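A.B. asks: Below is the sequence, then the predicted model.
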Amino acid sequence: MSHLFDFSYHNPTQIHFGPSSFSRLAELIPRDARVLLLYGGGSILANGIHARVRDALGDVEVVEFGGVEPNPTLETLARAVDVVRARQIDFVLAVGGGSVADGAKFVACAALYDGDGWDIVSGRHKPVAALPVGVVLTLPATGSESNAGAVVTRAATREKRVVYVPPARPRFAILDPQVMSSLPDRQLQNGLVDAFMHVCEQYLTTPVGALVQDGYAEAVLRALKTLADDFANRHTPAWRQNMMWAANQALCGIIGVGVPQDWATHRIAVELTALYGLDHGRTLSIIQPWLLRETIEAKRAKLGQLGCAVFGLPAADAEATIAALEAFYRRLGMPVHLADAGIDDADAAERVMQALRAHGNAALGGHAELDDAKTWRIVHAACSR
Ligand code: NZQ
Ligand code: ZN
């Protein structure tokens, strides 16, 4: 293929960016709304974000639901759905990172669906309506604040799945880079690498002459690379502003329009979270270098382009680009093998393969024609001791 696919693009999330963005909350939520304020494990209580949100909301009726865990579970979100129904909530406001934003989208859909919530996550039920959702982002990483994705885990079966719920795409997102001041370095590293991977998944395939998409992808990757090189300045306003906008742009949908995508790193890495509870960003740096080595021929041209455009390599060289990527993750303190993440499990590779097979992700096909044997080699390289 050497041309763009047909596409239609519409991202209706209104983004309010900057230090004064919290004050917009009052006008963004109808005065007569009954709002569910959904949040995570309590970081917003300790860092003052909760107080700022409540202050900005004024006298709007608010019901709070905390305790949404990282990698949110169906089980916890189902309790939030019960609250929405019991209290006749008509607006869901997420205050948190990707987990809370994703949870809000699920809750907004599930509240209007009488069946089992897992039907939505598994794709058996495609929501056509949802309660309105807004997001106050506290952790730049996933892009969830302005996309239609939601990732939900069923704890009972250790299944973690991505679902697209366009009716629950946030109406608005509040992006104030100051909220990052309380983020631990680990979450900044995770966010940086997650955003970097989101661009890779939409870019590292085969060239189709997409000048705008390639140029834009490379700009976002270079920005993230610069932020990683400049990690010592992570507490400056400039660093935070760039990080927050880069992570949003990486997965708001614009980079991937009309071009082939390959989400295999994400699809495989998800099992490492489901099985071992690893942070999402860390699972990606464990899988991606090995996946690229296995699929190097299919991705050779784009890898070469990436190496020159982002890592300043003097010539297109796919092998050198993979080495540069791996060194980049290592410099940021990210694991590039399961053992680096402190997981000591002699059966890890078999366990991961079993889960991938059970979930239909062991032979993803795609432009690199991933089959069970290729996936097995990737997983063994990344997870075997
Ligand atoms: O729960 P609290 O107490 O808020 O603490 C969180 C959590 O422990 C903490 N945190 C967030 N903001 C903070 C803060 N701590 C101090 N100060 C702040 N300002 O950070 C921890 C991680 O939060 P989480 O929301 O889980 O992180 P992230 O934003 O990386 O989200 C990860 C989830 O998003 C999914 C992942 O699979 C995972 O479930 N993804 C969603 C995507 C999407 N919707 O498009 C795409 C991604 O590829 C990803 O799969
Ligand atoms: Zn991701």
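C.D. replies: Arrived safely, thanks for sending. Ligands and ions are numbered 1, 2, ... in the order given.

A.B. asks: domain assignment for this protein?
C.D. replies: As given by automatic domain parsing, the domain ranges for the chain are 14-178, 184-383.

A.B. asks: Which one of those lies nearest to Asp6?
C.D. replies: domain 184-383 (7.4 Å; CB to CB). C-beta here means a position set from N, CA and C on the backbone, and glycine is covered the same way.

A.B. asks: just how off-centre is that closest one within its chain?
C.D. replies: Offset of domain 184-383 from its chain centre (CA atoms, centre = their mean, to the nearest Å): 12 Å.

A.B. asks: Just the terminal-to-terminal distance for it.
C.D. replies: By CA to CA, to the nearest Å, the extent of domain 184-383 from end to end equals 26 Å.

A.B. asks: Can you get me a residue count around Asp317?
C.D. replies: Residues near Asp317, counting by other CB atoms under 10 Å, number 17.

A.B. asks: what residues are up against it?
C.D. replies: Gly304, Gly307 (CB atoms under 8 Å, 6 or more residues apart in numbering).

A.B. asks: Check Thr265 too.
C.D. replies: Met197, Cys200, Glu201, Leu284, Ile287, Gln288, Leu291.

A.B. asks: And the contacts of the helix or strand bottoming out on mean pLDDT in the chain?
C.D. replies: Within the chain, confidence by mean pLDDT, DSSP states H and E is lowest for helix 25-28 among all helices and strands, at a mean of 95. Helix 25-28 has contacts (CB under 8 Å, 6+ apart) with Gln14, His16, Val53, Ala56, Leu57, Gly58, Val60, Gly134, Val136, Arg171, Phe172, Ile174.

A.B. asks: Quick check: next helix or strand after it?
C.D. replies: Going down the chain from helix 25-28, the next helix or strand is strand 34-39, by DSSP states H and E.

A.B. asks: Would you mark the buried spots in the helix or strand following that next one?
C.D. replies: The first helix or strand that comes after strand 34-39 along the chain, using DSSP H and E, is helix 43-46. Using 16 or more other CB atoms under 10 Å as the burial criterion, the residues of helix 43-46 that qualify are Ser43, Ile44.

A.B. asks: got the CA positions of helix 43-46 in CSV?
C.D. replies: Extracted in CSV, the C-alpha atoms of helix 43-46 (Å, rounded to 0.1, in the frame of the first residue of the first chain):
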residue,chain,number,x,y,z
SER,A,43,-3.7,11.4,45.9
ILE,A,44,-6.1,14.2,45.0
LEU,A,45,-7.0,14.6,48.7
ALA,A,46,-3.3,14.9,49.7
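
A.B. asks: So for that helix, mean pLDDT?
C.D. replies: Mean pLDDT, helix 43-46: 98.

A.B. asks: which SSE is Pro15 in?
C.D. replies: Just so we're on the same page, residue 15 is Ile rather than Pro. strand 14-17.

A.B. asks: With Gln189 instead?
C.D. replies: helix 185-203.

A.B. asks: So which elements touch that helix?
C.D. replies: helix 211-229, helix 237-250, helix 264-276, helix 280-294, helix 296-311 (3 or more CB pairs under 8 Å, 6 or more residues apart in numbering; DSSP states H and E).

A.B. asks: could you redo the last one with a cut-off of 10 Å?
C.D. replies: Here helix 185-203 touches helix 98-110, helix 211-229, helix 237-250, helix 264-276, helix 280-294, helix 296-311, helix 318-331, going by 3 or more CB pairs under 10 Å, 6 or more residues apart in numbering; DSSP states H and E.

A.B. asks: got the angle between that helix and helix 237-250?
C.D. replies: Angular relation of helix 185-203 and helix 237-250 on a 0 to 180 degree scale: 40 degrees, by axes from the mean of the first three to the mean of the last three CA atoms, to 10 degrees.

A.B. asks: Please save the CA atoms from the least confident helix or strand of the chain in PDB.
C.D. replies: Extracted in PDB, the C-alpha atoms of helix 25-28 (Å, rounded to 0.1, in the frame of the first residue of the first chain):
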ATOM      1  CA  LEU A  25     -15.400  23.900  35.600                       C
ATOM      2  CA  ALA A  26     -18.200  26.000  36.800                       C
ATOM      3  CA  GLU A  27     -19.400  26.900  33.300                       C
ATOM      4  CA  LEU A  28     -18.700  23.400  31.900                       C
END
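
A.B. asks: Buried ones in that helix, by neighbour count?
C.D. replies: Buried, per 16+ other CB under 10 Å, within helix 25-28: Leu25, Leu28.

A.B. asks: start the count at 5, not 1, going forward
C.D. replies: Will do, 5 is the new start, and the previous item becomes helix 29-32.

A.B. asks: Show the model's pLDDT score for Ser6.
C.D. replies: Reported pLDDT for Ser6: 71.

A.B. asks: Please read the previous query as pertaining to Arg389.
C.D. replies: Predicted confidence (pLDDT) for Arg389: 83.

A.B. asks: what sits against Met201?
C.D. replies: Residues near Met201 by CB atoms under 10 Å, 6 or more residues apart in numbering: 208, 228, 254-255, 267, 269-270, 273, 284-285, 287-289, 291-292, 333.

A.B. asks: Confirm His7 sits in a helix?
C.D. replies: No - with DSSP: H, G, I helix; E, B strand; the rest coil as the criterion, His7 is assigned coil and is not in a helix.

A.B. asks: how close does it get to ligand 1?
C.D. replies: As judged by CB to the nearest ligand atom, to the nearest Å, His7 and ligand 1 stand 27 Å apart.

A.B. asks: ok, so of the contacts of Met201, who is nearest ligand 1?
C.D. replies: Minimum distance to ligand 1 across the contacts of Met201 is 4.0 Å, recorded for His284 (CB to the nearest ligand atom).
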